[in-house]
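> Okay, here's the prediction I keep looking at, along with the sequence it came from:
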Amino acid sequence: MSVKTIAGVAVNVSEDGYLEDMNQWNEEIAKEIASEIGIELTPKHFEVLNYLREKTKAKESLTIRGVGKSGIVDIKELYKLFPKGPLKFSSKIAGIPKPTSCI
């Protein structure tokens, strides 16, 4: 674990860059992480991010298929919003731990 300043806030991150404490997350942090990845967040992105955060708080496991069945986006839309690793990058931007299903 190390400390990184994101959007002017010192946060604890894992070696992969995921927030260690999801309570340190805010929308400005999400925007900066997304910018580092090359994603400009839209309201639809935030719908997905908030869904992921809710599921994580409820201690439910996350999968691409599960997000695709959420009613927020289908799998194709998820890949469009978060190319090159939809669950990996959406989780990082959402400030939640890396899902076990991600490599």
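Looks like it came in fine. Residues are numbered from 1 along each chain as shown.

> Let me see the mean pLDDT of the longest helix along the chain.
Across the chain, the longest stretch assigned as helix under DSSP state H is helix 43-57. What helix 43-57 shows for mean pLDDT is 97.

> So which bits of the helix or strand that it is followed by are buried?
Note on helix 43-57: by DSSP states H and E, the next helix or strand toward the C-terminus is helix 64-68. By neighbour count on 16 or more other CB atoms under 10 Å, the buried set for helix 64-68 is 64, 66-68. No exception for glycine: its C-beta is placed from N, CA and C like everyone else's.

> Past helix 64-68, which element shows up next along the chain?
Following helix 64-68 toward the C-terminus (DSSP H and E): helix 75-81.

> which strands and helices sit next to that next one?
Under the contact definition 3 or more CB pairs under 8 Å, 6 or more residues apart in numbering; DSSP states H and E, helix 75-81 sits against helix 43-57, helix 64-68, helix 86-94.

> Report the angle between the longest helix of the chain and helix 86-94.
Counting by axes from the mean of the first three to the mean of the last three CA atoms, to 10 degrees, helix 43-57 lies at 90 degrees to helix 86-94.
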